[in-house]
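Q: Sequence first, predicted coordinates after that:
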Amino acid sequence: MKSPVKEKTKKISGIMAVMMLFILLFSAMFIVLHSDHDCTGEDCPVCACLDLCQKTIKTMGNTNGTVACIAASVIPLLIVLSPVRLFLASDTLVSRKIRLND
């Protein structure tokens, strides 16, 4: 039997991992969408946000953004394909927990 503390810790760590992936995903998307903006000069807020997003990606353990690019392509694919798996799941006697006697 698992302790409630371990269960809670497992759930919290899962939530944190998903949050970190979304931060990477949205930082990468922001960089891609605003990389060719019209800069207004020294105090450009978009440039400041771009710099912050780049620093966020670098501090999460990756200096070249490869993980962010992979996350940006894989996460939406997983979100789209997760409902498809439910429709493709086969309905068998074992999945219905029907006992097969000889």
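A: Looks like it came in fine.
Q: and residue 94, how far is that from residue 17?
A: 32 Å (Cβ to Cβ, to the nearest Å). In this view, the C-beta of every residue, glycine as well, is placed from N, C-alpha and C.
Q: In the chain, where's the longest helix?
A: Ranked by residue count and defined by DSSP state H, the top helix of the chain is helix 4-34.
Q: Report the mean per-residue pLDDT for that helix.
A: Helix 4-34 shows a mean pLDDT of 80 in the predicted model.
Q: And it, what's buried?
A: For helix 4-34, the neighbour count (16 or more other Cβ atoms under 10 Å) marks 21, 23-25, 27-28, 30-31 as buried.
Q: same deal with stretch 50-60?
A: 50, 53-54, 56-57.
Q: How far away from the center of its chain is that stretch?
A: The chain centre lies 16 Å from the centre of stretch 50-60; the measure is Cα atoms, centre = their mean, to the nearest Å.
Q: and if you look at stretch 23-36?
A: That offset, for stretch 23-36, works out to 14 Å (Cα atoms, centre = their mean).
Q: for stretch 22-37, same thing?
A: The answer for stretch 22-37 is 14 Å, by Cα atoms, centre = their mean.
Q: do the same with stretch 19-39
A: With Cα atoms, centre = their mean, you get 13 Å for stretch 19-39.
Q: go on, stretch 6-21?
A: Worked out by Cα atoms, centre = their mean, stretch 6-21 lies 12 Å from the chain centre.
Q: How about stretch 93-102?
A: Worked out by Cα atoms, centre = their mean, stretch 93-102 lies 38 Å from the chain centre.
Q: ok, back up a step: so which of the buried residues of stretch 50-60 comes closest to residue 13?
A: For the buried residues of stretch 50-60, the residue nearest residue 13 by Cβ to Cβ is residue 56; the value is 19.9 Å.
Q: right, and the closest one touches residue 25 too?
A: No: applying Cβ atoms under 8 Å as the test, residue 56 and residue 25 come out as separate, 11.4 Å apart.
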